[in-house]
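Participant: Mind looking at a prediction? Sequence and model below.
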Amino acid sequence: MNGDRRGWRQCLLAGAVFAVCMAGTTLPTPLYGLYQEKFGFSEVTVTVVYAVYAFGVIGVLLLAGNASDAVGRRPVLLWGLGFAAASAVCFLCATGLGWLYAGRLLSGLSAGLFTGAATAYVMESAPRGGASRATFVATAATMGGLGCGPLLAGVLAQYAARPLYLPFAVHLVLVAGSAAVLLRLRETVRERRPLSAVRPRWPALPPRVRAVFGPAAIASFVGFALFGVFTSVSPAFLAQSLDVGNHAVSGLVVALAFFASTAGQLAVGRVGAGRSLPLGCAGLLAGLALLAGALRWDLLPLVVLSALVGGGGQGLAFRGGLSVVAGASPEDRRAAVISTLFVVAYAGISVPVIGVGVLTVPLGLEGAGLVFIACMAVLVSVAAVYLLRRPVRSGRAPAR
């Protein structure tokens, strides 16, 4: 019993550290309008600044996605916290656009190191038999942290002094506290190898993982793409089309999508990982339809509903996909396989977002958003049809 308590304590503390890191990645979301006023750049530049983060994540996942399998989880996570602190310093010192690019890139490096390592660390810290709950802790830490970032920054920017500085100073303090916590937690990798054992590798999947990976990857791509659009261009849409200039409201709308994702993840325990994937795809499709209505008729309630429904669908699909992929992965390849899933997810958070930014020039924000929605709807529909024809069961291939 005492061992179980210690295990869950470590699992939850590791999840809290994970959430702090992820909060830093979305902290600038409600502040982009202020940076535009200060440095005078376009909406296209906003999407590029945002997407630089994703390129940092993908680069780390490809080059060192398996690092924590070799050298241990804690050393990799401590490096991730170091990059998070460096990112906050860049934003605190920002005097031009270059500082924003550097801050976003460092934030991406931090998230890239955390993504596979922290997910595996949280799951391995849980007591025996607690894999399902631990998966929820890991995914809830990811989405909860991502949601807390814009909410914290929006409230501080609206109601406190120095809106472009205070959010990052607060995050720097949280990162320092997280490092102190992490140093007191135990390592979970038993047989560690030297850093020289880490080799860059292209995404590769063990044969038994491949059958469940496809639909999970498509759902993750679409879900993260939806979040990418919310976090990069929704504050501009709220300000320009709906006359919502309150930074706290902008941050709250973005945060709702991530909090709804956490609620969707919680529901996976009841509906099962296999069924949560097609249900999540249905939720994503409904969220995209609501977002299309919001863009077409300039209605704030539809934006909020889109965040809630699409976020809930993303949570169902993401946790369900992560569960079946992690369950099918060999233990010594788990972090690398999880990292591969996140490569696909973060491709969704970058490439479509830049596409939306580029299309805003000829089509405007509404037209670009509708093109994005149409493309994502096709993808998620393909995944849903596949899952209906070949249902996925946790840890197993789709039924033939």
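Facilitator: Sure thing, it's come through.

Participant: if I look at Asp4, how far off is Pro127?
Facilitator: According to C-beta to C-beta, to the nearest Å, Asp4 stands 4 Å off from Pro127. To be clear about C-beta, it is placed using only N, CA and C from the backbone, and glycine gets the same treatment.

Participant: Which strands or helices does the helix or strand in which Val181 is found pack on?
Facilitator: Per DSSP states H and E: Val181 is located in helix 166-183. Applying 3 or more C-beta pairs under 8 Å, 6 or more residues apart in numbering; DSSP states H and E, one finds that helix 166-183 contacts helix 2-26, helix 73-92, helix 131-159.

Participant: can you list contacts of it?
Facilitator: Outside of helix 166-183, the residues within contact range by C-beta atoms under 8 Å, 6 or more residues apart in numbering are 13-14, 16-17, 20-21, 23-24, 27, 31, 74, 77-78, 81, 84-85, 88-89, 91-92, 152-153, 156-157, 160.

Participant: Mind checking which of the residues you listed are buried?
Facilitator: 13-14, 16-17, 20-21, 23-24, 27, 31, 74, 77-78, 81, 84-85, 88-89, 91-92, 152-153, 156-157 (16 or more other C-beta atoms under 10 Å).

Participant: If you count neighbours, what's buried in the helix or strand Gly56 falls within?
Facilitator: Using DSSP H and E, Gly56 falls within helix 43-64. By 16+ other C-beta under 10 Å, the buried positions in helix 43-64 come out as 43, 45-62, 64.

Participant: try stretch 207-222
Facilitator: 209, 211-222.

Participant: Pick the one among those residues closest to Pro235.
Facilitator: Set against Pro235, the nearest of the buried residues of stretch 207-222 by C-beta to C-beta is Val222 (21.6 Å).

Participant: how many neighbours does the closest residue to the closest one other than its chain neighbours have?
Facilitator: Leaving out its chain neighbours, the residue that sits closest to Val222 by C-beta to C-beta, 6 or more residues apart in numbering is Val380, at 4.5 Å. Residues near Val380, counting by other C-beta atoms under 10 Å, number 27.

Participant: What is the helix or strand harbouring Val380 packed up against?
Facilitator: Following DSSP H and E, one finds Val380 within helix 351-389. In terms of contacts (3+ C-beta pairs under 8 Å, 6+ apart), helix 351-389 is packed against helix 43-64, helix 207-242, helix 273-297.

Participant: now with 10 Å?
Facilitator: helix 43-64, helix 207-242, helix 273-297, helix 300-328 (3 or more C-beta pairs under 10 Å, 6 or more residues apart in numbering; DSSP states H and E).

Participant: so which of those comes closest to Leu359?
Facilitator: Taking the helices and strands packed on helix 351-389 one by one with C-beta to C-beta, helix 43-64 is closest: 9.4 Å.

Participant: rewinding a little: between Asp4 and Pro127, which has more neighbouring residues?
Facilitator: Using other C-beta under 10 Å, the more surrounded residue of Asp4 and Pro127 is Pro127, with 17 against 13.

Participant: Hmm, Leu12 and the more buried one touching each other?
Facilitator: No: Pro127 lies out of contact with Leu12 (C-beta atoms under 10 Å); the separation is 12.0 Å.

Participant: list the contacts for Phe258?
Facilitator: 22, 26, 140, 142-151, 227, 230-231, 307, 311, 314-315 (C-beta atoms under 10 Å, 6 or more residues apart in numbering).

Participant: average pLDDT across the helix holding Val181?
Facilitator: For helix 166-183, mean pLDDT rounds to 97.

Participant: again with stretch 340-349
Facilitator: According to the model, stretch 340-349 has a mean pLDDT of 85.

Participant: cool, and stretch 145-155?
Facilitator: pLDDT averaged over stretch 145-155 gives 96.

Participant: So for it, what gets flagged as buried?
Facilitator: Buried residues in stretch 145-155 (16+ other C-beta under 10 Å): Gly145, Leu146, Gly147, Cys148, Gly149, Pro150, Leu151, Leu152, Ala153, Gly154, Val155.

Participant: What of stretch 238-251?
Facilitator: Leu238, Ser241, Val244, His247, Ala248, Val249, Ser250, Gly251.

Participant: these two touch, right, Leu106 and Ala88?
Facilitator: Yes: counting by C-beta under 10 Å, Leu106 does reach Ala88; the two are 8.8 Å apart.

Participant: Overlap of the contact sets of the two?
Facilitator: Gly24.

Participant: quick one: the nearest residue to Val209 once chain neighbours are set aside from Leu205, how far?
Facilitator: Nearest non-adjacent residue to Val209, counting by C-beta to C-beta, 6+ apart: Ala328, 4.7 Å away. Distance from Ala328 to Leu205, counting by C-beta to C-beta: 9 Å.

Participant: same thing with Thr139?
Facilitator: Taking C-beta to C-beta, one finds Thr139 at 20 Å from Leu205.

Participant: Same question for Leu164.
Facilitator: 42 Å.

Participant: Have a look at those two and say which one is more surrounded.
Facilitator: Applying other C-beta under 10 Å to Leu164 and Leu205 shows that Leu205 carries more neighbours, namely 20 against 17.

Participant: quick one on the thing from earlier: overlap of the contact sets of Ala328 and Leu205?
Facilitator: Common neighbours of Ala328 and Leu205 (C-beta under 10 Å, 6+ apart) are Ala211, Val212, Phe213, Val337.

Participant: The last one against Val324, yeah?
Facilitator: Looking back up the chat, that one is Val337. No: with contact defined as C-beta under 10 Å, Val337 does not reach Val324; the gap is 11.2 Å.

Participant: shared neighbours of those two, which are they?
Facilitator: With C-beta under 10 Å, 6+ apart, Val337 and Val324 have common neighbours Val209, Phe213.

Participant: So if I had to pick from these two, which one is more boxed in?
Facilitator: Each of Val337 and Val324 has its neighbours counted (other C-beta under 10 Å); Val324 has more, 27 against 24.
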